[in-house]
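Undergrad: what follows is a protein structure lacking sequence information:
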């Protein structure tokens, strides 16, 4: 467990790669993103969502990136290979914490209401961060907002997205 505690904190130093690709130099860490997703879970969880379980999913969903990095669709790595790398990292990292591995797998599989909700919070956090960067640094981040809009599945997050960005989602 000590190894996991020390390794997980490195997520604070790992920068989100997608933002750098569009020309941003000072970008959020993967840990900051996990905080953003967790914050959305706390604030937006509707009835029927187990908030504690959703928070656990939000906090572990990107932990394997400590080992494999923040791989984006633009990195030229096939999605199947990315999933294999992350799965291998997760199984190694969480070997002594099977409940964390269960939560990570639950998120990846997206088969529970909590997993689907957290995946949507992940997308909404990206859209919110994109808008912040677009406003603060005059960078075109509409692709991130539009990508989030297209991926959101739950009514709660879709309605929140539309409240923030409008139905078309090009508010940046």
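TA: Looks like it arrived, so ask away. Owing to the predicted nature of the structure, the values given are computational and were not obtained by experimental measurement. Residues are numbered from 1 along each chain as shown.

Undergrad: quick one: secondary structure of the spatially most central residue of the chain?
TA: Nearest to the mean C-alpha position of the chain, counting by Cα atoms, centre = their mean, stands residue 122 at 4.0 Å. Three-state call for residue 122 (DSSP: H, G, I helix; E, B strand; the rest coil): helix.

Undergrad: break down the protein into its helices, ranges please.
TA: For the chain, applying DSSP state H gives helices covering 2-8, 17-21, 30-44, 51-60, 65-68, 79-93, 98-109, 113-137, 142-151, 155-165.

Undergrad: got TSV for these, with mean pLDDT too?
TA: Output for the helices of the chain, formatted as TSV (pLDDT from 0 to 100):
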stretch	mean pLDDT
helix 2-8	89
helix 17-21	87
helix 30-44	97
helix 51-60	97
helix 65-68	96
helix 79-93	95
helix 98-109	96
helix 113-137	96
helix 142-151	94
helix 155-165	95
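
Undergrad: the nearest residue to residue 17 once chain neighbours are set aside: how many residues sit nearby?
TA: Computed as Cβ to Cβ, 6 or more residues apart in numbering, the closest residue to residue 17 that is not its neighbour in sequence is residue 70, at 4.2 Å. Heads up, the C-betas are built off the backbone N, CA and C, glycines and all. Residues lying near residue 70 (other Cβ atoms under 10 Å) number 19.

Undergrad: hmm, residue 70 is touching residue 16, no?
TA: Yes - contact criterion Cβ atoms under 8 Å: residue 70 and residue 16 qualify, at 5.7 Å.

Undergrad: what do those two both touch?
TA: Both residue 70 and residue 16 are contacted by residue 30, under the criterion Cβ atoms under 8 Å, 6 or more residues apart in numbering.

Undergrad: so what touches stretch 5-16?
TA: Residues outside stretch 5-16 that contact it (Cβ under 8 Å, 6+ apart): 27-34, 62-63, 65-67, 69-70, 93.

Undergrad: near residue 27, how many other residues are there?
TA: Residue 27: 17 surrounding residues under other Cβ under 10 Å.

Undergrad: buried residues in stretch 74-88?
TA: Using 16 or more other Cβ atoms under 10 Å as the test for burial, stretch 74-88 gives 82, 85-87.

Undergrad: which outside residues touch it?
TA: Taking Cβ under 8 Å, 6+ apart as the rule, stretch 74-88 contacts 17-18, 21, 64-65, 68, 71, 73, 108.
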